[in-house]
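Asks: okay, here's the prediction I keep looking at, along with the sequence it came from:
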Amino acid sequence: MATKTITLELDAYERLKQAKRGKESFSAVVRRARFDDESSSGASILEATAGLYEAGKGVPAKTIQYWDEAVRRSEASARISPSAWEG
């Protein structure tokens, strides 16, 4: 099997070392690692949405009206159930 030598800063090496389970290899640790997908961050979603609006491909007006109505209904409804103890 081919190998590749990499250089890590000490803090990264320590994190990798701590992630090892028993006699697990560093390769196995990296294989089971989960890396954040930048495209799913809130900032990236806002950026993509702004790009759609700038391109004239935003959310249809009907959808925005639906969202606005949902917000109005939510704000109008009581968030706390009435207490049986109140007279």
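Replies: Nice, I can see it. For clarity, every value in this text was computed on a predicted model and none was experimentally measured.
Asks: flag the shaky bits of the protein, pLDDT-wise.
Replies: The chain contains residues with pLDDT under 70 at 36-40, 78-83, 86-87.
Asks: let's see it at 90
Replies: Within the chain, the segments meeting pLDDT under 90 span 1, 33-87.
Asks: longest helix of it?
Replies: Ranked by residue count and defined by DSSP state H, the top helix of the chain is helix 61-76.
Asks: kindly export that helix (C-alpha atoms) in CSV.
Replies: Below are the C-alpha coordinates for helix 61-76, written out as CSV (Å, rounded to 0.1, in the frame of the first residue of the first chain):
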residue,chain,number,x,y,z
ALA,A,61,-43.8,35.7,-3.7
LYS,A,62,-46.3,33.1,-2.8
THR,A,63,-43.7,31.3,-0.6
ILE,A,64,-42.7,34.6,1.1
GLN,A,65,-46.4,35.3,1.8
TYR,A,66,-46.8,31.8,3.3
TRP,A,67,-43.8,32.5,5.6
ASP,A,68,-45.1,35.9,6.6
GLU,A,69,-48.5,34.4,7.5
ALA,A,70,-46.8,31.6,9.5
VAL,A,71,-44.8,34.2,11.5
ARG,A,72,-48.0,36.3,12.1
ARG,A,73,-49.9,33.2,13.4
SER,A,74,-47.0,32.2,15.6
GLU,A,75,-46.8,35.7,17.1
ALA,A,76,-50.5,35.8,17.7
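Asks: packing partners of that helix?
Replies: Packing partners of helix 61-76 (3 or more Cβ pairs under 8 Å, 6 or more residues apart in numbering; DSSP states H and E): none among the helices and strands. No exception for glycine: its C-beta is placed from N, CA and C like everyone else's.
Asks: can you give me the helices in this structure?
Replies: Counting by DSSP H, one finds helices in the chain at the ranges 10-19, 26-32, 42-54, 61-76.
Asks: distance to T3 and mean neighbour count added to the ones you listed, as JSON lines?
Replies: Shown next, in JSON lines, are these (distance: least, Cβ to Cβ, whole Å; neighbours: other Cβ atoms under 10 Å):
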{"stretch": "helix 10-19", "distance to T3": "16", "mean neighbour count": "11"}
{"stretch": "helix 26-32", "distance to T3": "9", "mean neighbour count": "12"}
{"stretch": "helix 42-54", "distance to T3": "34", "mean neighbour count": "10"}
{"stretch": "helix 61-76", "distance to T3": "52", "mean neighbour count": "10"}
